[in-house]
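Novice: Structure for the following, please:
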Amino acid sequence: MNVIGTAGHVDHGKSTLVRHLTGIDPDRFAEEKRRGLTLDLGFAWLRLPSGTEVGIVDVPGHENLVRNMLAGAGGISICLFVVAANEGWSAQSAEHLTIVDALGVGAGIVALTKIDTVELDERETVAADVRRRLAPSSLAGAPVVACSAHSGEGIDELVRLLDEIVATTPGPRDVERPRLWVDRSFSMRGAGTVVTGTLLGGQVARGDEVEVLPDRRRTRIRSIQTHKREVEELGPGNRCALNLVGLERREVARGDVVGRPGGWTLTRRISVEVSVPARELSGLDTVLTGRGSHLLYVGSAETSVRLRLLDAERVKPGGRALAQLVLSKALPLARGDRFVLRDAGPSLTVGGGIVLDPHPSAARRNDARDVELLEQMRGPADAALVALVSHEGALDAGVALERTGAVEIPSDVEVLGSTLVSPARRAELDATLERTLRDFHAGEPLAAGIPREELRAALGLAALGLAPEAFADLLNSNGSVREAEGRVALGEHRAAAEVERSEAGAKLVSELDAAGFQPPLERELGADAALVRALITAGALVRIGDFLLTRERAAEARAAVRARISDGGPVTVADIRDLLGTSRKYAVPLCEWLDATGATVRRGDERVLGPLP
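Specialist: Next up, the predicted model:
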C-alpha cells in the first residue's frame, strides 16, 4: 500500500482539493474551519477507479507550521503537490518541494488548482514554470493536471493519473520490523488511548504486544482501524489507528514510535549522507557547516542535533557529504531512513539525507577508513554488511543486521557462533590458533594437547570481538586441528597414547611394572618429566601420592582390595599393606587413592566397599 501526502503553499487549495476528492474534511479543528487555514495534519482516504484504497495525509502550508507538515511527510510515498494557478509558485512551494526531495519521494503529481480563476494562457504559463521548478527535484517529470475543486474541471483526469501512479509505485517493504511513527494521540471514552500513524516495516495484529519508544512502555493492541474500518491485522504502507491497552494519554505523544518489544535499539549517533538543495530548487544559497544549531526531522519526530562533517569542511548548494549527527533525543532509526535538516535559528530547511549507519562508533573527520566504510554502505544492504564486517573484523550478527538492514548473511562473511567474521579476521584467528598450539607443543612435546579452556583463554577471543560460543565453531571448522578428551592439538602432532609405544615410554613402564607395589618415588626415577606427563595423560601410568604405578598394577590393587572386602568385610591400612606385600609408606597413599576414586569408603580406621569397581 501507499500513502499520498499533500504539499504546497498556504491557501493554494490543498484541503479543499482533498475534501472534493474524498468527501472527507481533513480540517479537524473548529479554528481551522473558522479561519479557512489548515493548522495541523489532516487525514482522509480515497477509493480509486481500480478499487485500490489509499490514505491521504493533508499538511499545513503556512511557513510557521512547517514542523507540523514534517510530522506527516515522513510516511508518504506519493506526493500530491498543489500550486494555485492564480498565485503560481510561492515561498512555501519551494520549501515543501525541498522537503519532498530530501525525503526521496519520487512519485507524484501536480494539481494546478483554481484554474477557474485565470485565463488559459496564464494557466499554461504557470504550468510551464512549475515543470521548470520541479526539474532539479525528485519530482522531475511529474504530470501537471489543471483542475478546479469549484467547477470540477480536470478532477477526473487527476484521479485517473493518481490511480496510475499508485499502481506503479512499489509500497513499503515488509522486513518484519513494524514501526509506527505516532503523528496523533488521543483518548476515546470507553476505549482508552488511541494513536495514529503510517505503519512501516512490518505487520501488526489485534492482540499483539507492543512497546512505545523511547520510554519502552509495554502495552497491547486492543483493536486496529484503517479508514474507519476495524481489521484483525494490517501490513506496511497503511494509515491506521491503534487502540492501546493500559496506556495513559500522557504516556504517548507525536514523535514516539510503536514497535515490537525489543525490536528496536535506540540511538543517539547516526552516520549519514547529507545533501544541500541546489539554489534552483530551494531558492536559497545555503551552505552547510558543522557550526550553528540544527533540528532533525525523521518520521514524526523532531530533535536537535550536532553535525560533524566527515569528508568536507562545508557543503555548498547542490552538494553532498558524509557526516555524523549526535541526537539530543534517542530515536529508533534504521539504515535507509530519510530525514530533513532545518536551521534552528532562522527556521529554514537547509538540507536532508539518508541514514547509512544507525549505530556507528564515533568517527573522525577525514579518517580514510571511516569515510571508505560509509561510501561502501551507500550500496545495497548485503554489500553494506560485507563492508561493515570487513571494517570491524568481527561483529555480533544481530548488531550487524540491525546496522545494515540486511536480512540474510552473504556467503563471503563467515559465521562463528553468533559472530560474523571477515575473511581477514578469520585468517588472523586461524593463524593465532595454530601458532598457540605450536608454541604449546614446543614446550610440551609429549602432551596430548592443550586443555580446551586454557586454549580459549590464550586466544583472547573477547578482545577480538568474538562471543564465547564462537570458539567451538572456530575449532570445528579448522581442518588443521583436532580435539579429543578435552584437549586440542595440531593434526600432525603425535598423540600422547603413542608415547607408551615409544622405546623410552615402554622402558619406563616396564621398570615400574617390575617394581610391583614398591616402586621408586617419582622424584627418584630420573625420567624426563614430559615423558612422565605424557604417559599419565595416555593412562599408562597412574600417579598415587608421590609414586607411580602402571595401569595394570593400579587395576590389580583395586581388584584385590575389593575382593578382600567382599569376602571378609572391612579392612585396615595394615590389611591392605599385607595383602599387596608392600610397606606402610605405599599403603597409606594407596588407601587414599582408593577412597578418592570410589573403590573404597573410609569408616574410621577401616575401609568398606565403595560404589565404583
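
Novice: okay, the residue positioned nearest the centre of the chain: pLDDT?
Specialist: Compute the mean C-alpha point of the chain, and by Cα atoms, centre = their mean the closest residue is residue 402, 1.8 Å away. Note on residue 402: pLDDT of 94.

Novice: How about it: what's its closest non-neighbour residue?
Specialist: Closest residue to residue 402 apart from its sequence neighbours, by Cβ to Cβ, 6 or more residues apart in numbering: residue 265 at 6.2 Å. No exception for glycine: its C-beta is placed from N, CA and C like everyone else's.

Novice: Can you verify that neighbour is assigned to a strand?
Specialist: No - assessed with DSSP: H, G, I helix; E, B strand; the rest coil, residue 265 is coil; it does not lie in a strand.

Novice: Tell me the secondary structure at the residue nearest to the centre of the chain.
Specialist: Going by three-state DSSP: residue 402 is helix.

Novice: mind listing what it touches?
Specialist: Residues in contact with residue 402 (Cβ atoms under 8 Å, 6 or more residues apart in numbering) are 265, 334, 358, 359.

Novice: give me the number of residues near the residue nearest to residue 402?
Specialist: Number of residues near residue 265 (other Cβ atoms under 10 Å) recorded here: 16.

Novice: correct me, but it touches residue 332?
Specialist: Yes - Residue 265 is in contact with residue 332 according to Cβ atoms under 8 Å; the separation is 7.0 Å.

Novice: any residues in contact with both of these two?
Specialist: Contacts common to residue 265 and residue 332, judged by Cβ under 8 Å, 6+ apart, are absent.

Novice: got a list of what the closest residue in space to residue 112 that isn't next to it in sequence touches?
Specialist: Leaving aside its sequence neighbours, residue 112 sits nearest to residue 146 (Cβ to Cβ, 6+ apart; 4.6 Å). By Cβ under 8 Å, 6+ apart, the residues touching residue 146 are 85, 112, 115, 123, 127, 153, 154.

Novice: Can you add pLDDT, distance to residue 43 and neighbour count and give those residues back as CSV?
Specialist: Formatted as CSV, the contacts of residue 146 follow (pLDDT from 0 to 100; distance: Cβ to Cβ, whole Å; neighbours: other Cβ atoms under 10 Å):
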residue, pLDDT, distance to residue 43, neighbour count
85, 95, 26, 25
112, 97, 24, 26
115, 96, 27, 24
123, 94, 30, 18
127, 96, 29, 19
153, 95, 26, 13
154, 96, 24, 18
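
Novice: Dump those to TSV, plus distance to residue 611.
Specialist: Shown next, in TSV, are the contacts of residue 146 (distance: Cβ to Cβ, whole Å):
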residue	distance to residue 611
85	100
112	95
115	100
123	102
127	98
153	100
154	96
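
Novice: Longest helix in the protein, please.
Specialist: Using DSSP state H to define each element, the chain has its longest helix at helix 423-443.

Novice: before we move on, back to that, tell me the one of the contacts of residue 402 nearest residue 159?
Specialist: Using Cβ to Cβ, residue 334 is the member of the contacts of residue 402 that sits closest to residue 159, with 33.8 Å.

Novice: which SS class is the closest one?
Specialist: Following three-state DSSP, we place residue 334 in the coil state.

Novice: ok, which stretches of the stretch 101-250 of the chain are helices?
Specialist: Applying DSSP state H, counting those that start in this stretch to the stretch 101-250 of the chain gives helices spanning 120-134, 155-168.

Novice: Tell me which of those sits nearest to residue 255.
Specialist: Residue 255 lies closest to helix 155-168 among these, at 27.9 Å (Cβ to Cβ).

Novice: mind giving me the domain ranges of the protein?
Specialist: If you go by automatic domain parsing, the domain ranges for the chain are 3-168, 179-259, 267-378, 498-609.

Novice: Now render those as JSON lines, adding distance to residue 428.
Specialist: Formatted as JSON lines, the domains of the chain follow (distance: least, Cβ to Cβ, whole Å):
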{"stretch": "domain 3-168", "distance to residue 428": "39"}
{"stretch": "domain 179-259", "distance to residue 428": "36"}
{"stretch": "domain 267-378", "distance to residue 428": "17"}
{"stretch": "domain 498-609", "distance to residue 428": "30"}
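
Novice: Let me see the ranges of the strands in the stretch 201-350 of the chain.
Specialist: Ranges of strands in the stretch 201-350 of the chain, per DSSP state E, counting those that start in this stretch, are 204-205, 209-213, 217-226, 229-231, 233-234, 238-245, 257-259, 267-275, 294-298, 301-309, 320-331, 338-343, 348-357.

Novice: Turn those strands into a markdown table, columns for mean pLDDT, distance to residue 486 and mean neighbour count.
Specialist: Formatted as a markdown table, these follow (pLDDT from 0 to 100; distance: least, Cβ to Cβ, whole Å; neighbours: other Cβ atoms under 10 Å):
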| stretch | mean pLDDT | distance to residue 486 | mean neighbour count |
| --- | --- | --- | --- |
| strand 204-205 | 97 | 49 | 18 |
| strand 209-213 | 97 | 44 | 19 |
| strand 217-226 | 95 | 44 | 18 |
| strand 229-231 | 95 | 58 | 12 |
| strand 233-234 | 96 | 51 | 17 |
| strand 238-245 | 94 | 53 | 22 |
| strand 257-259 | 97 | 45 | 24 |
| strand 267-275 | 97 | 43 | 22 |
| strand 294-298 | 95 | 53 | 23 |
| strand 301-309 | 96 | 51 | 18 |
| strand 320-331 | 97 | 46 | 19 |
| strand 338-343 | 94 | 54 | 22 |
| strand 348-357 | 94 | 42 | 23 |
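
Novice: who touches residue 591 in this structure?
Specialist: 573, 576, 600, 602, 607.

Novice: Hmm, the second one is touching residue 590, no?
Specialist: Going back to what we said before, that points to residue 576. Yes - shown here, residue 576 and residue 590 form a contact pair, counting by Cβ under 8 Å, at 6.5 Å.

Novice: ends of stretch 303-320, how far apart?
Specialist: Using Cα to Cα, to the nearest Å, the end-to-end distance of stretch 303-320 comes out at 22 Å.

Novice: ditto for stretch 586-606
Specialist: First residue to last in stretch 586-606 (Cα to Cα) measures 17 Å.

Novice: Quick check: buried residues in that stretch?
Specialist: When burial is assessed from 16 or more other Cβ atoms under 10 Å, stretch 586-606 yields the following buried residues: 586, 587, 590, 591, 593, 594, 599, 600.

Novice: Could you single out the nearest of those to residue 190?
Specialist: The nearest one, if we look at these relative to residue 190 and count by Cβ to Cβ, is residue 599, at 77.5 Å.

Novice: Give the residue spans of the stretch 351-500 of the chain that score low on pLDDT.
Specialist: For the stretch 351-500 of the chain, residues meeting the criterion pLDDT under 70 lie at 446, 494-500.

Novice: For it, just list every one of the helices.
Specialist: Per DSSP H, counting those that start in this stretch, the stretch 351-500 of the chain has helices spanning 368-376, 381-392, 397-404, 423-443, 452-459, 470-476. These are given in chain order.

Novice: Turn the ones you listed into TSV, including distance to residue 417.
Specialist: What follows is these, written out as TSV (distance: least, Cβ to Cβ, whole Å):
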stretch	distance to residue 417
helix 368-376	24
helix 381-392	14
helix 397-404	9
helix 423-443	12
helix 452-459	12
helix 470-476	4
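
Novice: Please identify the most buried of these.
Specialist: helix 381-392 (a mean of 21; mean count of other Cβ atoms under 10 Å).

Novice: quick one, that one and helix 368-376 angle?
Specialist: Orientation of helix 381-392 against helix 368-376 (axes from the mean of the first three to the mean of the last three Cα atoms, to 10 degrees) gives an angle of 170 degrees.

Novice: Contact partners for residue 83?
Specialist: Listed by Cβ under 8 Å, 6+ apart, the contact set of residue 83 reads 8, 9, 12, 89, 90, 93, 110, 111, 112, 113, 126, 130.
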